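S.K.: A predicted structure for the sequence below; I have some questions about it.
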Amino acid sequence: MATILSINISEKKGTPKTTITEGNLIVDFGFEGDAHAGKWHRQVSLLAKESIEKAKGMRTDGLCHGMFAENITTEGITLHTLPVGTRLRLGDRAVIEISQIGKECHDGCAIRQLVGQCIMPKEGVFARVITGGTVRAGDTITVLSE
């Protein structure tokens with residue numbers, strides 16, 4: 001079963017995110033209080049624990065949830081293999097739609113400087129919010145469509 005391990009937000013772009021107990025997803029915006037939220041296609045970012053484990057193989061100290069600037073850290077789902085357009089239900093109500101897989105890492109990436117390589121360009125997933133709602137660590141992730 002796929003689950004949410006953590007919800008993470010930041011006040012500034014380009015910095016690791018801070019883990020919060022729950023987050024409010026707003027339709028066509030993203031997480032309330034997150035610097036990456038807005039009316040664009042990358043409203044929410046997701047990264048699997050399994051992908052983070054690959055990065056830990058590069059360098060093990062100091063890596064934690066939100067360190068790769070992901071809003072949602074997951075477990076039990078291979079996110080980067082899902083096609084663009086896939087919808088996921090998070091918890092009981094919230095629905096997101098995958099809009100992009102991977103991204104170009106900018107020169108000032110704090111993660112790349114720490115680890116030597118950032119996993120987000122290959123295995124990070126971005127989504128837009130279709131149905132809002134509160135999500136928490138421990139909530140299930142259900143694939144609605146592929």
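M.R.: Thanks, I have the structure now.
S.K.: Identify the residues contacting the nearest residue to L144 once chain neighbours are set aside.
M.R.: Of all residues not flanking L144 in the chain, R87 sits nearest, at 4.2 Å (C-beta to C-beta, 6 or more residues apart in numbering). To be clear about C-beta, it is placed using only N, CA and C from the backbone, and glycine gets the same treatment. Residues in contact with R87 (C-beta atoms under 8 Å, 6 or more residues apart in numbering) are 95-98, 130, 143-145.
S.K.: which of those sit farthest apart?
M.R.: I130 and V143 (13.7 Å; C-beta to C-beta).
S.K.: neighbour-wise, which of the two wins?
M.R.: Per other C-beta atoms under 10 Å, whichever of I130 and V143 has more neighbours is I130, with 16 against 12.
S.K.: Could you report the distance from that one to I98?
M.R.: Distance, I130 to I98, using C-beta to C-beta, to the nearest Å: 11 Å.
S.K.: same deal with E11?
M.R.: E11 is 25 Å from I98, where distance means C-beta to C-beta.
S.K.: out of the two, which sits in the more crowded spot?
M.R.: Remark: of E11 and I98, I98 carries more neighbours, 22 against 10, as counted by other C-beta under 10 Å.
S.K.: Please identify which of the contacts of R87 is nearest to I52.
M.R.: The closest of those to I52 turns out to be I98 (C-beta to C-beta; 18.6 Å).
S.K.: what bridges to that closest one?
M.R.: Beta bridges link I98 to A127 when assigned by DSSP bridges.
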